[in-house]
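K.L.:
with the input below, show me the fold.
(chains A and B)
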Protein chains: 2
Amino acid sequence: MQNFDNAAVSTQLAHVRIVMVNTTLPANIGSALRAMKTMGLSKLVLVAPKTYPHPDIDALAAGATDLIEQIEIVSSLEEAIADCHLVFGTSARSRTIPWPLLDVRPAANLAMQAISEKNQEVAIVFGREDRGLTNEELALANYHLTIPVNTDYGVLNVAQAIQIVCYEMRMAILEHSTTASAQQEQAMPVTAEEQMQWDEPLVTQQQMQQFYPHMQQMLADIEFFDPENPRLLPLRLRRLFGRIQLDRMEYHLLRGVFTRVQALSNGTWKKSTHREDQN
Amino acid sequence: MQNFDNAAVSTQLAHVRIVMVNTTLPANIGSALRAMKTMGLSKLVLVAPKTYPHPDIDALAAGATDLIEQIEIVSSLEEAIADCHLVFGTSARSRTIPWPLLDVRPAANLAMQAISEKNQEVAIVFGREDRGLTNEELALANYHLTIPVNTDYGVLNVAQAIQIVCYEMRMAILEHSTTASAQQEQAMPVTAEEQMQWDEPLVTQQQMQQFYPHMQQMLADIEFFDPENPRLLPLRLRRLFGRIQLDRMEYHLLRGVFTRVQALSNGTWKKSTHREDQN
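P.N.:
Sure, this is the predicted structure:
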């Protein structure tokens, strides 16, 4: 998980506007606002919406009323994107005009670069619920954008499509921030394990070099393995605990257990019930 | 845009099940099915849904009736994930128990590796609309999964969260296919984990549900923890061994150790040196 400056991310995402053309259902506008706010986007432009305003918008945009107040209503797509540098028109895979086409993830990366490196304004344009954008509208875009859905089904509605586009925009900004700060240290691929947030410091390999002999000695003490003939056991233990990095708490917990078992085994510790028996 | 074999992607995604716990609104189940089908997932397991069946499910899952027919209803989360190897519990950022936590993107990559390289079954578990998963349910997961939303707002509903998780699962498979074919052309760096051919099958969640009580009983026997006042210990054990994913050999090795320690503790087994002393 990444630590990031939420406000800085929202500032960058303020340069991305979502444009909805001729939307019929107010619920879709409300859902779009909610999807946008969840991901930190704030600017929605409606091109000639069929019904506006409408209580469904407010109902579905619960908690995103600040975004409702910022909605801009215009009468044409040209107007909506007039001051934009980079415009993406969303389209289903089967399109009628040939055009540079990007999946949403590379499209989001391109948008992020345009914003962070060139200070540009970006628009992502969504069409009508029933028939999307016209060829004339699609021709106003620099790129077409598609979401690589299951081609046997593939019926994302406009609110779901906006949800995924907004999510990818946020991720592009987050990953760019992370990459930029990581590159200052060293250029390395980051594994899932490394991205994980942990509440306890992880132990070093050096500490683990005391862990394995301790565990093996404990196992020898309870005659679970023969140090004269160790076979594969030491390897198996390293393979087992080497797969994860123990944190400090886990390390001390396990070493404490080993010590207790050893004390039980050599008679220096007895169960309290046994001690009572002896009284 | 990637060219890909849609059917092959769906075959891999068949190893990912979405689990919804105690869902109240049938509409959320319908939306989940639609989100799943759009991305090529097919298996939904409902743990004790409040209302089922219900016409809203069919209405919102328009065109995904084949998935409705495949829904599995169970009464407990344990049952839902019994045959899974890798379980993700979804949680909001402010969580109450510390656990390995991954953003949805690296989590999807981990799941994809588990499926394509180890042929594992993966579950992603979503909680109740109002209060998510309980701590007990979260402790059944190997990892917690979070979606890095706008921290000033961040109210994804369960259907939206499922939408994004399914999208990232699909993208992980698609990107892996692309990477895999790229690797045939040029040698890419491969991590140790990826190169490793595991020689033993990994144990399922069901088997692990016998492991944890056994380990706890052993620890209680040596008075390392008080079952009347367990504190965080059971959670720490699940967090530790949930991260490792034991293979069958390791599982039996550790359970053998627990049994030996218990026998030592209750006096049914003695060290051979002690036995000699007694002679």
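K.L.:
max-length helix in chain A?
P.N.:
Determined from DSSP state H, the single longest helix within chain A is helix A:158-185.
K.L.:
for that helix, packing partners?
P.N.:
With contacts defined as 3 or more C-beta pairs under 8 Å, 6 or more residues apart in numbering or on different chains; DSSP states H and E, helix A:158-185 has these neighbours: helix A:6-13, strand A:16-21, helix A:26-39, helix A:104-118, strand A:122-126, helix B:158-185. Quick note: C-beta positions are derived from backbone N, CA and C, even for glycine.
K.L.:
output the shortest one in CSV with nothing but the alpha carbons.
P.N.:
Think strand A:122-126. C-alpha atoms of strand A:122-126 as CSV (Å, rounded to 0.1, in the frame of the first residue of the first chain):
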residue,chain,number,x,y,z
VAL,A,122,-7.8,16.6,-20.1
ALA,A,123,-11.3,15.5,-21.0
ILE,A,124,-12.8,12.1,-21.0
VAL,A,125,-16.0,12.0,-23.0
PHE,A,126,-18.9,9.5,-22.4
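K.L.:
which strands and helices sit next to it?
P.N.:
The helices and strands touching strand A:122-126, judged by 3+ C-beta pairs under 8 Å, 6+ apart, are strand A:16-21, helix A:77-80, strand A:86-90, helix A:104-118, helix A:158-185.
K.L.:
that strand pairs with which strands?
P.N.:
With DSSP bridges as the test, strand A:122-126 is paired with strand A:16-21 (parallel), strand A:86-90 (parallel).
K.L.:
nearest residue to residue A:62 in space, ignoring adjacent ones along the chain?
P.N.:
Nearest non-adjacent residue to residue A:62, counting by C-beta to C-beta, 6 or more residues apart in numbering or on different chains: residue A:34, 6.9 Å away.
K.L.:
now do the same contact list for that neighbour.
P.N.:
Shown in contact with residue A:34 (C-beta atoms under 8 Å, 6 or more residues apart in numbering or on different chains): A:60-64, B:155.
K.L.:
out of those residues, which end up buried?
P.N.:
Using 16 or more other C-beta atoms under 10 Å in any protein chain shown as the burial test, the contacts of residue A:34 include A:60-61, A:64 as buried.
K.L.:
in helices, which of these fall?
P.N.:
Applying DSSP H to the buried ones among the contacts of residue A:34, the entries found in helices are residue A:60.
K.L.:
what's the closest of the buried ones among the contacts of residue A:34 to chain B?
P.N.:
Distance to chain B, by C-beta to the nearest C-beta, is smallest for residue A:64 among these, at 7.3 Å.
K.L.:
pLDDT score for that closest one?
P.N.:
Here, the pLDDT recorded for residue A:64 equals 91.
K.L.:
what's the closest non-adjacent residue to it?
P.N.:
Once flanking residues are discounted, residue A:64 sits nearest to residue A:37: 4.1 Å by C-beta to C-beta, 6+ apart.
K.L.:
what mean pLDDT does stretch A:248-268 have?
P.N.:
Averaging pLDDT along stretch A:248-268 yields 93.
K.L.:
flag every buried residue along it.
P.N.:
Result for stretch A:248-268 [16+ other C-beta under 10 Å]: buried residues A:249-251, A:253-255, A:257-258, A:260-262, A:264-265.
K.L.:
chain center to that stretch, what's the gap?
P.N.:
40 Å (C-alpha atoms, centre = their mean, to the nearest Å).
K.L.:
quick check: the closest residue to residue A:140 other than its chain neighbours vs residue A:123, distance?
P.N.:
Ranked by C-beta to C-beta, 6+ apart and with sequence neighbours excluded, the top spatial neighbour of residue A:140 is residue A:77, at 5.9 Å. Between residue A:77 and residue A:123 the distance, using C-beta to C-beta, to the nearest Å, works out to 9 Å.
K.L.:
list residues touching both of those two?
P.N.:
Overlap of the contact sets of residue A:77 and residue A:123 (by C-beta under 8 Å, 6+ apart) consists of residue A:19.
K.L.:
who touches the residue nearest to residue A:140 in this structure?
P.N.:
Counted by C-beta under 8 Å, 6+ apart, residue A:77 has contacts A:19, A:21, A:47, A:125, A:137, A:140.
K.L.:
run the last query once more with 6 Å
P.N.:
Residue A:77 is in contact with A:21, A:47, A:137, A:140, counting by C-beta atoms under 6 Å, 6 or more residues apart in numbering or on different chains.
K.L.:
quick one, phi psi at residue A:144?
P.N.:
Residue A:144 has phi and psi values of phi -100, psi 150 when expressed as degrees, to the nearest 10.
K.L.:
and of the contacts of residue A:77, the nearest to residue B:114?
P.N.:
Checking those against residue B:114 by C-beta to C-beta gives residue A:21 as the nearest, at 41.6 Å.
K.L.:
number of nearby residues for the residue nearest to the closest one when sequence neighbours are not counted?
P.N.:
Distances taken as C-beta to C-beta, 6+ apart put residue A:47 closest to residue A:21, at 4.5 Å, once the chain neighbours are dropped. For residue A:47, the neighbour count with other C-beta atoms under 10 Å in any protein chain shown is 23.
K.L.:
for residue A:5, same thing?
P.N.:
Neighbours of residue A:5 (other C-beta under 10 Å): 9.
K.L.:
next, work out how far apart the residue nearest to it when sequence neighbours are not counted and residue B:21 are.
P.N.:
Among residues not flanking residue A:5 along the chain, residue A:177 sits closest, at 7.7 Å (C-beta to C-beta, 6+ apart). Look at residue A:177 and residue B:21: by C-beta to C-beta, they are 34 Å apart.
K.L.:
swap in residue A:55?
P.N.:
Taken as C-beta to C-beta, the span from residue A:55 to residue B:21 is 32 Å.
K.L.:
these two - which one has more neighbours?
P.N.:
Neighbours were counted for residue A:55 and for residue B:21 using other C-beta under 10 Å; residue B:21 has more, 22 against 9.
K.L.:
bridging residues for that one?
P.N.:
Where residue B:21 sits in a bridge, its partners, by DSSP bridges, are residue B:47.
K.L.:
show me the contacts for it.
P.N.:
Residue B:21 makes contact with B:47, B:77, B:127, according to C-beta under 6 Å, 6+ apart.
K.L.:
looking at these, which one is closest to chain A?
P.N.:
residue B:127 (17.4 Å).
K.L.:
distance to chain B for the buried residues of stretch A:248-268 - can I get that in CSV?
P.N.:
Output for the buried residues of stretch A:248-268, formatted as CSV (distance: C-beta to the nearest C-beta, whole Å):
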residue, distance to chain B
A:249, 7
A:250, 5
A:251, 10
A:253, 7
A:254, 8
A:255, 12
A:257, 6
A:258, 10
A:260, 5
A:261, 5
A:262, 11
A:264, 6
A:265, 6
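K.L.:
looking at the buried ones among the contacts of residue A:34, spot the one nearest residue A:113.
P.N.:
Distances from the buried ones among the contacts of residue A:34 to residue A:113 were compared by C-beta to C-beta; the smallest belongs to residue A:64, at 27.6 Å.
K.L.:
near chain B, which residues of the stretch 1-150 of chain A show up?
P.N.:
Within the stretch 1-150 of chain A, the positions adjacent to chain B are A:1, A:6, A:37-40, A:101, A:103, A:149-150 by C-beta under 6 Å from any C-beta of the partner chain.
K.L.:
of those, which is the most crowded?
P.N.:
Of the residues of the stretch 1-150 of chain A next to chain B, with other C-beta under 10 Å as the count, residue A:39 tops at 30 neighbours.
K.L.:
and the helices in the stretch 151-279 of chain A?
P.N.:
A:158-185, A:192-195, A:205-221, A:233-242, A:248-266, A:272-278 (DSSP state H, counting those that start in this stretch).
K.L.:
thanks a lot, see you next time.
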